[in-house]
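J.: here you go, sequence then predicted model.
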Amino acid sequence: MVKALVLYHSQQYGNTKKMAEAVAEGLRSEGCEVTFHNANDERYPIKDYPQHDCVALGTPDYFSYLAGTIKTFMDDWYIHRNEAGYQGKPYAVFYSHGGGGRARSALTIFSRIGTQVGTPVESSGAPSAKTLDECRALGVGLAKASKK
Ligand SMILES: Cc1cc2nc3c(=O)[nH]c(=O)nc-3n(C[C@H](O)[C@H](O)[C@H](O)COP(=O)(O)O)c2cc1C
């Protein structure tokens, strides 16, 4: 069974969390086991990262950049990157913003961790039904790209 990590930050309105839930639905619909982690609640335990076959990463736009907790995940990943199980995972990205959305150019930081599946799904404010469908499709695509 493919083990997927959905790692995101959501804090103010739950916009990014709703997107994360839809990505997780897509992953589960393809039979993945999903670990669902809001980095705003607790720092992601980086030692658990190698257990996963793929990762979906979500962040709100904070000052035209990633949320600090997701940047911290990348810092932690970098420190461990040469250990077994840290390199080369399929990954997918989603993000929410308040109308600016300039964080989209910062999302290229994730290219370090592996091979991107699809293109980042974006939401301006609360995700619409169409955006949530795009998130579900992103999860399905990530699952299909990760099947062993
Ligand atoms: C500290 C902070 C900084 C923000 N900076 C930006 C920004 O630079 N550009 C933008 O479009 N939205 C910005 N926003 C709006 C959030 O990205 C947006 O409301 C997002 O959907 C919140 O996600 P959440 O409900 O999952 O926490 C900011 C919000 C906060 C709290």
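T.: That came through fine. Numbering: from 1, shown residues only.
J.: list the contacts of the residue nearest in space to the middle of the chain.
T.: Nearest residue to the geometric centre of the chain (CA atoms, centre = their mean): Leu57, 1.2 Å. Shown in contact with Leu57 (CB atoms under 8 Å, 6 or more residues apart in numbering): 7-8, 70, 73, 91-94, 110. Yep, even glycine has a C-beta here, placed from its N, CA and C like the rest.
J.: phi, psi for it please.
T.: phi -120, psi 130 (degrees, to the nearest 10).
J.: the one 5 residues further on now?
T.: Dihedral angles phi and psi of Tyr62 (degrees, to the nearest 10) take the values phi -120, psi 110.
J.: just give me the neighbour total for it.
T.: Counted with other CB atoms under 10 Å, the neighbours of Tyr62 add up to 19.
J.: what average pLDDT does the longest strand seen in the chain get?
T.: Taking DSSP state E as the criterion, the chain has its longest strand at strand 89-97. Confidence for strand 89-97, expressed as mean pLDDT, is 98.
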